[in-house]
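**Q** I'd like to go over a predicted model; first the sequence, then the structure.
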Amino acid sequence: MTNQISKTTFLKYLRCPRAAAFEGDAAAIVRDYQRNLAHIGGEEKAKILEEETKEKLRQLFIRLIENDEGGAESEAEIESGDFDGLLKDDLTLKAMLSTYFKIEQLTAEKAKKTFGGQVLSGMRVGDQVIGQRYINLFKDGFNFHSFVDVVQEDDSAVRIIEAKSTTSKKFAELGPKKNKELCPIFERSPFGVLRLKEDFEDFKPFDKYYDNREKLMDRFRDVGRYVYDLAWQRYIIENSTDDKREYRYYLAVLNSDYVFDGRQDEKGENIYDADDLIVLVDLTQVTKDMLLIVDRDVNTVIDRINKPDFSRVPLEKPKCKINGSYDQCPWLKICMKDLMVPDKNSLYVYRGGHTGFGPASDKSKEKVQKEKIEELIWRGITKALDIDYDWLNDTQKVQYDVIKSGKTFVDKKVIKAMFKDLKYPLFHLDFETMNFPIPMYRGEVPYQQSLFQYSLHIERTPGVCDKEKDNVSFLSTGKTDDREEFIKSMIKNIPANQGGTVIVYNAIFESGRLRELIEMFPKYAVELNSILERIYDLKDILDPSKKIIADYEYLKSKPCTFNYYNESFQRSYSIKKVLPVFAPHLDYANLDEVHNGLDAQAAFMRLKYLEGKAFDETYKNMIEYCKQDTWAMFEIMQGLRKLINEK
DNA sequence: TCAGAGCTTGTTTCGGCAAA
DNA sequence: TTTGCCGAAACAAGCTCTGA
């Protein structure tokens, strides 16, 4: 039997030798699980199947990593919870399928318009896309295969187009900066195609042109990973066809400057101008230069499948995607355990630790090279307290002390002074948004954070606020463009003439949204500006930003940046880490349906299609979630008040 | 007057974090 | 997946000093 290797599988094997070895043995177990799950009836049975599968994986991994090099020891034993990520059904991905398909359709339209000829793309049947061009290459007993999103061809040329749901920005703005001015390495051709400057006749290479071009060829970079996909396709095609026509290779991405004009058809569906929304990026020359890299990678993958190697590998940030979320290595937890890196209070807990650790630099002597976290871990220094105290900066020393003593760090004097600057009534405000690749409403751009909900708790005098009575909110029904209703409701509840501080958590987000509203709805500019000017970031009280430090005389002399640090924060000041310390009784897990911002987005997507009781249920759950968010802010402030008034 | 060393200052790049 | 912000490192440019 020939081994089938899809592009996704290929990339999994390419991560590292150990990931490849794990993949081979674990993939069969995961495949079995998915097959059985499809035929199983009832939630309870599915739960049992999941537990059984995790136990199988656990047993497998205990065997795999307990090799002669040591491996996981009892204190860092592998738990079945370490496989959660592997078995999780990707709901977000499923919800996005129709959007990805829409982008492919628009790409086909654009290709037809730009180049004419024959255009072949997929057709949607349920959750499947059929009819795309199949490409494959047999090599050393393997079948490397893939589908091409869009193929355009005529008598003389074939154009291979890979559609990606990212924006043109990262290509259009690639290039060095000189005196704060960008020198892009791409330029729009008369046909509106983004091409490298070298493709134009009058090309003269400028400083750092080739450094930036190199970035396109590095699959661990933001731009490079898209280009790699295309180069892989090219490799398969060039090694499996003897077609003599000219082949050109393009990525299709969303134009970040596209503004949706709000046009709709008679059924109320949005009409997009494909020619304007889609940008083609010509990567023919770059992908050609990458063929050698891909060839080497293909041989590496074949080798790894034929000779699995389970031995330990050093962690590498860009490869393993440590701290990355969606593209993190699925085996990272296993490697971490194997290297004795604890879940809590590891070396990764230090703020600014990514730059490494080393002796404090002495101005009179030469600079000492810092050691990266991954190097230290490889040497067996894995816990936060393992590190030499003198190798830490002032902020990190505070973290060390907190872990060592188990006591929270609090600068009561500073927090007290910051509280004095608040003007009552306090408006605790929180937004929920939807960021869709393709804009939803008139005036929006790709990935616009489109506002659909807010919650507001009004605290008229210090410490006096009722969770129900003092709460107002707005939630769009999702069936129409309600943004103007949203604004009217908000400016009524936060009056411009009344004063009072507007409290938000992580102000960058809320102020950004307000500025966008002013841009799109200038007739409310005065009222919206009044809110914008009164915004105060609750996070600044715990962890002051640079701007706040500059504003407050008493913060300037502080060596450590924190005002408050608790061990359970694990360096993060996100509200989900902070809230449990101040209000352990407020648990997001107790809410129905919506537990975080991404759940709220998913619920809002459903809302559009719900009616009657189901609609009411989801609508209510969304209101409750957002209310909890602003109430949490009030509770954190109450906790801080109690703290600073203690003797 | 010039070249080179060493220092200071400014700019660019990078990685990480927060929100949804 | 996006945005903006931040701090540190890396790099670049300009200055002074020194010795010839």
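**A** Cool, the structure landed.
**Q** let me see the contact set for A:Met622.
**A** By Cβ atoms under 8 Å, 6 or more residues apart in numbering, the residues touching A:Met622 are A:432, A:453, A:475, A:593-594, A:600, A:603-604, A:607. Quick note: C-beta positions are derived from backbone N, CA and C, even for glycine.
**Q** secondary structure class for it?
**A** helix (DSSP: H, G, I helix; E, B strand; the rest coil).
**Q** tell me the pLDDT at it?
**A** pLDDT recorded at A:Met622 is 91.
**Q** do the same with the one 5 residues further on
**A** In this model, A:Lys627 is scored at 91, pLDDT.
**Q** now do A:Asp388
**A** Note on A:Asp388: pLDDT of 86.
**Q** one step back: from the contacts of A:Met622, which land in helices?
**A** Counting by DSSP state H, the contacts of A:Met622 place A:600, A:603-604, A:607 in helices.
**Q** and those, which is closest to DNA strand C?
**A** Nearest to DNA strand C, judged by Cβ to the nearest atom of the strand, of those is A:Ala600 at 14.0 Å.
**Q** what sits closest to the closest one if chain neighbours are left out?
**A** A:Glu432 (4.7 Å; Cβ to Cβ, 6 or more residues apart in numbering).
**Q** contacts only, for the one you found.
**A** A:Glu432 sits in contact with A:451-454, A:597, A:600-601, A:604, A:622, A:626, where contact means Cβ under 8 Å, 6+ apart.
**Q** now, of the residues you listed, which are buried?
**A** The neighbour count (16 or more other Cβ atoms under 10 Å) marks A:451-454, A:597, A:600-601, A:604, A:622, A:626 as buried among the contacts of A:Glu432.
**Q** which bits of the stretch 501-647 of chain A sit near DNA strand B?
**A** Neighbours of DNA strand B within the stretch 501-647 of chain A, by Cβ under 7 Å from any atom of the strand: A:505-506, A:508-509, A:539, A:571-577, A:596-598, A:600-601, A:629.
**Q** those: which ones sit near DNA strand C?
**A** The residues of those that also fall near DNA strand C, by Cβ under 7 Å from any atom of the strand, are A:508-509.
**Q** could you turn the buried ones of the residues of the stretch 501-647 of chain A next to DNA strand B into a ChimeraX selection?
**A** The ChimeraX selection below is limited to those of these classed as buried (16+ other Cβ under 10 Å):
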select /A:505,509,539,571,573,575,597,600,601,629
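**Q** give me the number of residues near A:Phe115?
**A** The number of residues packed near A:Phe115 is 20, by other Cβ atoms under 10 Å.
**Q** now it: how far from A:Phe191?
**A** In this structure, A:Phe115 and A:Phe191 are 9 Å apart, going by Cβ to Cβ, to the nearest Å.
**Q** now swap in A:Phe486 and tell me
**A** 40 Å.
**Q** which one of these two has more residues nearby?
**A** Neighbour tally, A:Phe486 and A:Phe191, criterion other Cβ under 10 Å: the higher count belongs to A:Phe486, 20 against 11.
**Q** my guess is the more buried one contacts A:Thr477. True?
**A** No - with contact defined as Cβ atoms under 8 Å, A:Phe486 does not count as touching A:Thr477 (11.5 Å).
**Q** can you name the next helix or strand after the helix or strand of chain A with the lowest mean pLDDT?
**A** Taking mean pLDDT, DSSP states H and E as the measure, chain A has helix A:553-556 as its least confident helix or strand, at a mean of 64. Counting by DSSP states H and E, the next helix or strand C-terminal to helix A:553-556 is strand A:564-565.
**Q** so for that following strand, mean pLDDT?
**A** The average pLDDT within strand A:564-565 is 89.
**Q** what lines up beside it in the sheet?
**A** Note on strand A:564-565: by DSSP bridges, its sheet partners are strand A:409-410 (antiparallel).
**Q** following the strand it pairs with, which helix or strand comes up?
**A** helix A:412-420.
**Q** gap between that following helix and the chain center?
**A** Computed by Cα atoms, centre = their mean, to the nearest Å, the chain-centroid distance of helix A:412-420 equals 34 Å.
**Q** mind giving me the packing neighbours of that helix?
**A** helix A:538-542, helix A:553-556, helix A:612-645 (3 or more Cβ pairs under 8 Å, 6 or more residues apart in numbering; DSSP states H and E).
**Q** now do 6 Å
**A** helix A:612-645 (3 or more Cβ pairs under 6 Å, 6 or more residues apart in numbering; DSSP states H and E).
**Q** give me the nearest residue to A:Asn3, chain neighbours excluded.
**A** Nearest one to A:Asn3, counting by Cβ to Cβ, 6+ apart, is A:Phe142 at 4.7 Å.
**Q** helix or strand: which one has whichever residue of the stretch 201-350 of chain A sits closest to DNA strand B?
**A** Residue of the stretch 201-350 of chain A nearest DNA strand B, by Cβ to the nearest atom of the strand: A:Asn323 (3.9 Å). Assessed by DSSP H and E, A:Asn323 sits outside every helix and strand.
**Q** state the pLDDT value of it.
**A** Looking at A:Asn323, its pLDDT reads 72.
**Q** one more: the one 5 residues further on?
**A** Turning to A:Gln328, the model gives it a pLDDT of 81.
**Q** and for A:Lys215?
**A** Listed pLDDT for A:Lys215 reads 87.
**Q** over to A:Met434?
**A** 88.
**Q** my read is it is in a strand, agree?
**A** Yes - with three-state DSSP as the criterion, A:Met434 is part of a strand.
**Q** just give me the neighbour total for it.
**A** Counted by other Cβ under 10 Å, the residues lying close to A:Met434 total 18.
**Q** residue contacts, it?
**A** Shown in contact with A:Met434 (Cβ atoms under 6 Å, 6 or more residues apart in numbering): A:450, A:452, A:601, A:604.
**Q** quick one, which of those has the minimum pLDDT?
**A** The pLDDT minimum for the contacts of A:Met434 sits at A:Gln601, where the score is 84.
**Q** ok, what's across the strand from the spatially closest residue to that residue that is not a sequence neighbour?
**A** In space, and not counting its chain neighbours, A:Gln601 is closest to A:Met434: 5.3 Å by Cβ to Cβ, 6+ apart. Using DSSP bridges, the beta-bridge partners of A:Met434 come out as A:Ser450.
**Q** pLDDT weak spots in chain A?
**A** Scanning chain A for pLDDT under 70 picks out A:1-2, A:66-76, A:88-95, A:324-326, A:360-369, A:546, A:549-560, A:647.
**Q** got the residues of it near DNA strand C?
**A** A:165-167, A:169-170, A:256, A:325-327, A:352, A:355-356, A:370, A:393, A:435, A:447, A:449, A:508-509, A:512, A:545-547, A:549, A:561.
**Q** switch to 6 Å and redo it
**A** A:165-167, A:169, A:256, A:325-326, A:352, A:355, A:370, A:393, A:435, A:447, A:508, A:512, A:545-547 (Cβ under 6 Å from any atom of the strand).
**Q** give me the buried subset of those.
**A** Using 16+ other Cβ under 10 Å as the burial test, the residues of chain A next to DNA strand C include A:165-167, A:169, A:256, A:393, A:447 as buried.
**Q** now these in CSV, with secondary structure?
**A** Shown next, in CSV, are those (three-state DSSP):
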residue, secondary structure
A:Ser165, strand
A:Thr166, strand
A:Thr167, strand
A:Lys169, helix
A:Ser256, coil
A:Asn393, coil
A:Tyr447, coil
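**Q** farthest pair within those residues?
**A** Comparing every pair within these by Cβ to Cβ identifies A:Ser165 and A:Asn393 as the most remote, at 39.7 Å.
**Q** and A:Phe138, which helix or strand is it part of?
**A** Per DSSP H and E: A:Phe138 is located in strand A:133-139.
**Q** quick one, helices of the stretch 1-150 of chain A?
**A** Using DSSP state H, counting those that start in this stretch, the helices of the stretch 1-150 of chain A run over A:7-14, A:17-39, A:43-65, A:84-87, A:91-115.
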